[in-house]
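A.B. asks: Provided below for reference: sequence and predicted model.
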Amino acid sequence: RCVIQVINPNTSQAMTATIGAAARAVAAADTEILAVCPQEGAPSIEGHFDEAIAAVGVLQQVKLGREAGVSGHIIACFGDPGLLAARELARAPVIGIAEAAMHTATLLATRFSIVTTLPRTLIIARHLLHQYGFERHCAALHAIDLPVLALEDGSGAAQQKVRQQCLQAKRQDGSGAIVLGCGGMADLARELTRELGIPVIDGVSAAVKMIESLHALGLSTSKHGDLDFPLAKPLSGRFDGFNS
Ligand SMILES: O=C(O)C[C@H]1NC(=O)NC1=O
């Protein structure tokens, strides 16, 4: 039995529902999806400051998931906030949706484009490309220039801009695949893949299948070296006991 904790690092219930539905749509019959978000933090993550706040919430949820004995954790925000810290805290695998989508794209095409929300967060995707070693594989990055929560306003305007941006990327970038750069776009990938005729990849569903694979292979986060549990030390205030 595989139980996957899917963490929306922002506190938007609507986006948590979108993300949970996308995960359940691809989960295997004996996989259970637990879609969660932090009790406190940022309603959307649109920059380095929001990410720093969100990382604490991610770690709180990872600790709860570990105590519940989940088979794996997914960080369902395109900045993969708190990824390595979460891997220190976790026993089970932890996968961010940006790394999941990028890895998947490199299996299907020699170049991929990224379509995300705000121009100012493009730098976060660039940092991840460098960190994961995919800079050479990414032909271009685009932003629809709408805030993250525009994807949950019910108007469909953001979804239409994502579609237009993907069409333009296919025509202009010389990419064979497109990575959707926001957890809130998770429900768009299958329809866009069909319409564009190229792989349009959502990191939530990609990460679900990766966690299932690691679970089936009996593989977990390495606790040998720099991803071992945090060093034991007394933490103060709200962080008392947080590292154990
Ligand atoms: O950076 C972005 O546009 C997307 C990122 N922010 C957020 O609240 N969820 C995300 O996936």
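C.D. replies: Thanks, I have the structure now. Numbers count the residues shown, from 1 in each chain.
A.B. asks: spell out which parts of the protein neighbour the ligand.
C.D. replies: 10, 44-45, 77-79, 116-117, 121, 148, 182-184 (CB under 6 Å from any ligand atom). All C-beta spots, glycine's among them, are computed from the backbone N, C-alpha and C.
A.B. asks: mind checking which of those land in strands?
C.D. replies: Counted as lying in strands by DSSP state E, out of the residues of the chain next to the ligand, are residue 116.
A.B. asks: most neighbours among the residues of the chain next to the ligand, please name it.
C.D. replies: Tallying neighbours with other CB atoms under 10 Å puts residue 77 at the head of the residues of the chain next to the ligand, with 33 neighbours.
A.B. asks: may I have stretch 72-88 exported as CSV, CA atoms only?
C.D. replies: Extracted C-alpha coordinates of stretch 72-88, given in CSV (Å, rounded to 0.1, in the frame of the first residue of the first chain):
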residue,chain,number,x,y,z
GLY,A,72,6.5,9.6,0.3
HIS,A,73,6.1,13.4,0.3
ILE,A,74,5.5,15.7,-2.7
ILE,A,75,6.2,19.5,-2.5
ALA,A,76,3.6,20.8,-4.8
CYS,A,77,5.0,24.3,-5.5
PHE,A,78,7.2,25.0,-8.6
GLY,A,79,9.9,26.5,-6.5
ASP,A,80,10.3,23.2,-4.6
PRO,A,81,10.5,25.2,-1.3
GLY,A,82,12.3,23.4,1.5
LEU,A,83,13.2,20.4,-0.6
LEU,A,84,16.6,19.5,0.9
ALA,A,85,15.5,20.4,4.5
ALA,A,86,12.5,18.2,4.0
ARG,A,87,14.8,15.4,2.9
GLU,A,88,16.8,15.7,6.1
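A.B. asks: next up, the contacts around residue 230.
C.D. replies: 88, 89, 243, 244 (CB atoms under 8 Å, 6 or more residues apart in numbering).
A.B. asks: flag every buried residue along the lengthiest helix in the chain.
C.D. replies: Assignment by DSSP state H gives helix 48-68 as the longest helix of the chain. Judged by neighbour count using 16 or more other CB atoms under 10 Å, the buried positions of helix 48-68 are 50-51, 53-63, 65-66.
A.B. asks: state the distance from residue 39 to the ligand.
C.D. replies: 16 Å (CB to the nearest ligand atom, to the nearest Å).
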